[in-house]
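Trainee: predicted model, plus sequence, below.
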Amino acid sequence: MTTSYRVDDYPENIPDSIQPHGVLLVLDESDFSILQISANTEQHFGMEPQQLLGQPLSTLLDPAPIQVALAEIPDLNRVVPLPLKVNTTQGAMCCDGFVHRTDHGIILELEPAERRSSFLAIHSLVQKTLYQLQQATDRATLFKHLVEAVQRLTDYDRVHVYRFDADGSGEVIAEAVRPNLPPYLGLHFPAMDIPTWVRETYCSGKLRAVADMQATPVSLVPAQHPQTAEPLNLGSAMLRSPDACCVEYYRNMGMDASLVVSLIRDQTLWGLLACHHSTPKLLPHETRAACELLAQMTTATLGSTVKQERLEAQAQQQALQSELIDAIAQAETFVEALIHPEERLLQLVNATGAAIGLGEEINLVGTTPTTAAIQNLVAWVESSQPGDLFHTHCLSAQYPEAETFKAEASGVLLLRISKVRQYWIAWFRPEVLQTVNWGGKPDQGVQFDEEGQIQLSPRTSFALWQETVQATALPWQPLDIKGALDLRTAIVGIVLKQAEELDHLNRELQRSNRELASFAYAAAHDLKEPLRGIYNYANILQEDYGSVLDAEGMEFLGEIQGFSQRMETLINALLRIAQLRQKELHVEPFDMNEGLQNAEKVVRASWPEVDFELRIPRPIPLVQGDPALLNEVLRNLLNNALKYNEQLDKWIEIGYEAHGDDGSEGHAWTFYVRDNGIGIRPEHQSIVFKLFKRLHPQEHYGGGAGVGLAIVNQIIERHQGQIWIESIFGEGSTFYFTLQSA
């Protein structure tokens, strides 16, 4: 819109005076004594204010009805009307009383009730209007009945319904006006015409009436509250005087009296029922109350009308969504279900184009910006717009680059489905050139003081002023946004269902693995006893019957002993693997530097005749893991690097690389163990981590069961890490593995 001034820049300005047609009293709640009183008591009651100050309320009237009313309204600022009789110098006077609590006492407002409206006339008109409201099938008819009924009831020159937009500006959507006055129907008014603090006073649902804009305001006596030494805040008082800016605003409009009733819907200020009159006009309380009742009934009926429209739209949307979800659940690919047929995805939120992002892949549907433009847009949304959903109907106002593709996407609704996998859907709406009819130029009421501060100044013209709005799409409605969020929920539900099925399979697999591990452990454990017996009996035969056996018999006994030892090694390896699969991890911060020192001592003790150099280019960071198991990893890798090395100058280098981050908590490090050993041929590199796989004959490189690297692999996987190898045959090998940082 043309105006760029913020309504919140305008200061709150609540007068501390009242209109002269009534009297206001401030009472001490403890004893109902009069703390303050308006200066016009002599005109109404024949008594000067000083005669009443400090006196009990009973001097003027019976306080009992007020005490009863206050007992029923503990809330601050809630106004209760009461019929009261005031003792004046001329005798008893019937008054309409209005009482409410504030932070600084009780406010009692009194209006002489000399003029009474005909109850039967009001009742008949209200009853007829209520019937018309109930029969209305659309909003236009609903508000037409309201403004026409209120004009008949009040005889105001102009009665209109003013609806607020999200930005605080508003539009006249219904009007009943005298033929000699210019119509305001369809005109927009900027937010500055009704500043934020004014709208907040209307949010409480209070009725506001000004009988005569030109009337001289009446001050309070004393001017300051005696307990706070400050002017009394009359923001909730019905008799409060209009401020000077408001008076000038209405005079520029040619009006001298007004009545404004809040239209509250879903506990939010939806709009105003505003009445204007060209001459002073004081309405009786009954008439004002009838206007308030009709306004409340209209908003209640509006809720049911809108609800019916919404239910019909929701039913259509849910039908589309059901088709879409069924297609997703049955389709082989997620994208195929969304884009065939393409109208279904677009109709879900009333869009003309869409883009589906699955990681690096982007699929386009309908009329959209280019793929490159969409990628840049998504990157901007990711960096600047938190949450699962971003939407705007004027993208270029927040993202200036959108000006280049406003014809395709002035409006965008972007739904994040998975941040981890970068899954998202974006819908687009094109630019719709709009002509907005303003009641006067929107920024006409803006002035600046000597210090350059914005001052609220009433406009002097309400003539039609047109503005063409560009780079703006039709706004996304709550139903569109709900449709997008419901789609996300449904997609996540499908994914969770699939994940649940996969989890069930995983649990079955884990159960089978546990049973297999238990079987392997039990079998290996039970095999050790007979195997030990075979070995022992072979020793007995060799020692006690060696002189009886010939050379071939002794050779056979030696083979039996060798096979027994070999089998025991294999059984021990099988037991170790089974233990690793069943062992509970005791995860804690682990110092890899200390672990390497311990592993080096063990390896050097195991190979006392072999000299080698251990290289550590820089200190190794802390990781999260089970210290006992990670020590075993380091020992096995060092032992493996030394075992398969025929160089005279043997060396082993151990270091790390940052993996995907700087190694801060929760991220992974990639470690490596590099040697200058014999290396591994490419065709053998895929099997080195398998159990009982040896690449060389048993008698070469110190024998072994082929379980060391299998154990290492098992431990790293238990730590949610990975291990792999890079090797050049004849030059050496590098083992890589990942662990979480501490």
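Mentor: That came through, no problem.

Trainee: please enumerate the helices of the stretch 551-700 of the chain.
Mentor: Along the stretch 551-700 of the chain, counting by DSSP state H, counting those that start in this stretch, helices occupy 551-582, 592-606, 627-643.

Trainee: now swap in the stretch 251-400 of the chain and tell me
Mentor: Taking DSSP H, counting those that start in this stretch to define them, one finds helices in the stretch 251-400 of the chain at 285-330, 334-339, 342-348, 371-384, 395-398.

Trainee: mean pLDDT for those: which is lowest?
Mentor: Lowest mean pLDDT within the helices of the stretch 251-400 of the chain: helix 334-339, at a mean of 61.

Trainee: before we move on, the earlier item: weakest of the helices of the stretch 551-700 of the chain by average pLDDT?
Mentor: The bottom spot among the helices of the stretch 551-700 of the chain, by mean pLDDT, belongs to helix 551-582, with a mean of 68.

Trainee: quick one: mean pLDDT over stretch 227-242.
Mentor: Rounded mean pLDDT across stretch 227-242 is 89.

Trainee: what's the answer for stretch 490-499, then?
Mentor: 57.

Trainee: with stretch 87-100 instead?
Mentor: 93.

Trainee: would you agree residue 134 is in contact with residue 301?
Mentor: Yes. The pair residue 134 / residue 301 is scored as a contact, 6.5 Å apart, by Cβ atoms under 8 Å. Where C-beta positions appear, they are placed from N, C-alpha and C, glycine not excepted.

Trainee: compare the two (neighbour count), which wins?
Mentor: Taking other Cβ atoms under 10 Å, residue 134 and residue 301 do not tie; residue 301 has more neighbours (20 against 13).

Trainee: leaving out sequence neighbours, find the closest residue to the most centrally placed residue in the chain.
Mentor: Computing the C-alpha centroid of the chain and ranking residues by Cα atoms, centre = their mean puts residue 387 first, at 5.1 Å. Once flanking residues are discounted, residue 387 sits nearest to residue 416: 7.9 Å by Cβ to Cβ, 6 or more residues apart in numbering.

Trainee: tell me who's in contact with the one you found.
Mentor: The neighbours of residue 416, taking Cβ atoms under 8 Å, 6 or more residues apart in numbering as the test, are 387-389, 423-424, 488.

Trainee: could you redo the last one with a cut-off of 10 Å?
Mentor: By Cβ atoms under 10 Å, 6 or more residues apart in numbering, residue 416 lies in contact with 357, 378, 381-382, 385-390, 422-426, 488.

Trainee: what helix or strand is it on?
Mentor: strand 411-418 (DSSP states H and E).

Trainee: what does residue 98 give?
Mentor: strand 91-102.

Trainee: how many neighbours does residue 672 have?
Mentor: 15.

Trainee: before we move on, what about the one 4 residues further on?
Mentor: A count of nearby residues for residue 676, using other Cβ under 10 Å, gives 19.

Trainee: just to check, it is in contact with residue 731?
Mentor: Yes. Under the criterion of Cβ atoms under 10 Å, residue 676 makes contact with residue 731 at 7.1 Å.

Trainee: CA atoms of stretch 584-600 as CSV?
Mentor: C-alpha atoms of stretch 584-600 as CSV (Å, rounded to 0.1, in the frame of the first residue of the first chain):
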residue,chain,number,x,y,z
GLU,A,584,26.0,-53.2,26.8
LEU,A,585,28.1,-50.1,25.9
HIS,A,586,29.4,-47.9,28.7
VAL,A,587,29.7,-44.7,26.8
GLU,A,588,31.8,-41.9,28.2
PRO,A,589,34.4,-39.4,27.0
PHE,A,590,37.5,-41.3,25.9
ASP,A,591,41.0,-39.8,25.5
MET,A,592,42.4,-41.3,22.3
ASN,A,593,45.9,-40.0,23.1
GLU,A,594,46.0,-42.0,26.3
GLY,A,595,44.5,-45.0,24.5
LEU,A,596,47.2,-44.9,21.9
GLN,A,597,49.9,-44.8,24.6
ASN,A,598,48.4,-48.0,26.2
ALA,A,599,48.0,-49.7,22.8
GLU,A,600,51.6,-48.9,21.9
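
Trainee: ok, residues contacting it?
Mentor: 612, 614, 616, 619-639, 652, 654, 656, 669, 671, 673, 715, 718-720, 739-742.

Trainee: just the buried residues of those.
Mentor: With burial judged by 16 or more other Cβ atoms under 10 Å, the buried subset of the contacts of stretch 584-600 is 612, 614, 620-627, 629-639, 652, 654, 656, 669, 671, 673, 715, 718-719, 739-742.

Trainee: hang on, the earlier thing: and the strand holding residue 416, which residues are buried?
Mentor: 411-417.

Trainee: now do it against helix 371-384, angle only.
Mentor: 70 degrees (axes from the mean of the first three to the mean of the last three Cα atoms, to 10 degrees).

Trainee: what mean pLDDT does strand 411-418 have?
Mentor: Rounded mean pLDDT across strand 411-418 is 86.

Trainee: and stretch 251-271, by the same measure?
Mentor: Stretch 251-271 comes out at a mean pLDDT of 90.

Trainee: end to end, how far does it reach?
Mentor: Terminal residues of stretch 251-271 are spaced 23 Å apart (Cα to Cα, to the nearest Å).

Trainee: phi, psi of residue 15?
Mentor: Main-chain torsions, residue 15, degrees, to the nearest 10: phi -60, psi 150.

Trainee: residues in contact with it?
Mentor: 217, 219, 231, 234-235, 237, 240-244, 246.

Trainee: count of neighbours near the spatially closest residue to residue 112 that is not a sequence neighbour?
Mentor: Spatial nearest neighbour of residue 112, excluding adjacent residues (Cβ to Cβ, 6+ apart): residue 95 at 5.7 Å. When neighbours are defined as other Cβ under 10 Å, residue 95 has 26 of them.
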